[in-house]
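Undergrad: What follows is a predicted protein model with its sequence.
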Amino acid sequence: VTLAEGEGGLPVVRVATALATGELYLQGAHVTAWTPAGADPVIWMSGASHFAPGEPIRGGIPICFPWFGPGREPGLAPPAHGFARLAPWRLEAAEERDGAVTLTLRLTDADAAGVPAAASWPHPFTATCTVTFGRELTVALTVRNTGPEEISYEEALHTYLAVSDVRTTTVDGLDGATYLDKAPGAGPDLLTQEGEVTFTGETDRVYASTATAVVVDEGAGRRIGVDKDGSANTVVWNPWVDKAAAMPDYGDDEWPSMVCVETANALGDAVVLALGEEHTTTARITVTR
Ligand code: TA6
C-alpha cells in the first residue's frame, strides 16, 4: 500500500486495483511509517529490520495479539507477542476523506492458521484493524469472539516513536501509576511512577494506566501524544546499549533515536470475551510543537 502526497497535498491511496480483486494481504496489518504533512517522521523503523514472510518487523506499530511477551497461558509457542503480526491480514477497504486515508484490514483464525504459533491458541476469532492516516494517526483493533467458548487474550499496539535523543526525552502522564518493571535485575513488586518517566538505562515498564501518555522530545522541540481507549496498560520501552546490541534486527547505535509507548492490555488485565462479544482498543497519535 503506497500513500503518496497527491496534487494539492492530499494523500493518494493506490490500492484500487488490489481492492477490486480483494486479493491484497498485508503481513501484520503493520504500520511501518507515518510522516504528517510538514513534520518529521513520527513512527520509527530500524534500519536493520527484516521484511520477510514470517519475520517480525522491528519498528512501526506491531500488533501484539493474542498474547504479550511470552504470554501467560501454558504452552504458547514462540515468538513473543503472539502471531497476529506474522499473519496475512486482508485489506478490506481503503477510503479517502477530508485529507485523511482510512484502511480496514481483517484477520480470521482461518487466515492465521498458516502461522505455526497460531496452533498454540486454537480459538475462533475475527480481528479488524482500522488505520487512519491524517493530521493524527489512529489505529483501532477490534477482536470478536466467533467461537462457542469464552476466550481471554492479551494485546498491545506496540508503537515505536522517533525521538531526537531518548536521554533528553521524557514521558509525561504516568505520574502516580503503578508499574511492573521488567528491566534486568528488577524485582517482582509493583512500583509507583513519580513524575515523568526519564531514561538512564534499559527501560521496560508495564503501567496500569488509562491516561494519555505524552512523549516530550526536548531536542526536537515537539510532543507526541498517545491517547487511547479500551486499554488498561501502557508499556514504555527502550532497549539501551546492551539489549540493542543483542537484537540482530536492531542497529547497535539506534537506541537513542526511539522510544516505544504501547497501548496494551497485558498486565493483569487480559481481555475476556464471551461468545459473540468484541473489544476495541484504539490509539491516537498526535504531534504538537
Ligand atoms: O514491549 C516491550 C517488550 O516486551 C520488550 O521486553 C522487548 O522484548 C520488546 O517488547 C520487543 O519485543 P520483540 O519480540 O518485538 O523483540
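TA: Received it, and whenever you're ready, just let me know what you need. Residues are numbered from 1 along each chain as shown.
Undergrad: Spit out the contact partners of residue 70.
TA: Residue 70 is in contact with 76, 80, counting by Cβ atoms under 8 Å, 6 or more residues apart in numbering. Just so you know, the C-beta spots here come from the backbone N, C-alpha and C atoms, and that holds for glycine as well.
Undergrad: Helix, strand, or coil at it?
TA: Local secondary structure at residue 70 is given as coil here, using DSSP: H, G, I helix; E, B strand; the rest coil.
Undergrad: tell me the pLDDT at it?
TA: Residue 70 is assigned 94 on the pLDDT scale.
Undergrad: And for the one 3 residues further on?
TA: In this prediction, residue 73 carries a pLDDT score of 89.
Undergrad: if I read this right, it contacts residue 67, doesn't it?
TA: Yes. The pair residue 73 and residue 67 passes the contact test of Cβ atoms under 8 Å, sitting 7.0 Å apart.
Undergrad: Find residues that contact each of these two.
TA: residue 121.
Undergrad: Excluding residues flanking it in the chain, which one is nearest the residue of the stretch 51-200 of the chain found nearest the ligand?
TA: Per Cβ to the nearest ligand atom, the residue of the stretch 51-200 of the chain with the smallest distance to the ligand is residue 80, at 3.9 Å. Using Cβ to Cβ, 6 or more residues apart in numbering and skipping residues adjacent in sequence, the residue nearest residue 80 is residue 69, 5.2 Å away.
Undergrad: same deal with residue 205?
TA: residue 179 (4.5 Å).
Undergrad: Just the element for the one you found, please.
TA: Residue 179 is part of strand 178-181, with elements assigned from DSSP states H and E.
Undergrad: about what we covered before: between residue 73 and residue 67, which one's more packed in?
TA: residue 67 (26 against 14; other Cβ atoms under 10 Å).
Undergrad: Tell me if I'm right that that one and residue 81 touch.
TA: Yes. Using Cβ under 8 Å, residue 67 is in contact with residue 81, at 7.0 Å.
Undergrad: Quickly list what the closest residue to the ligand within the stretch 101-250 of the chain is bridged to.
TA: Of all residues in the stretch 101-250 of the chain, the one sitting closest to the ligand is residue 237 (3.9 Å; Cβ to the nearest ligand atom). According to DSSP bridges, the partner residues bridging residue 237 are residue 204, residue 260.
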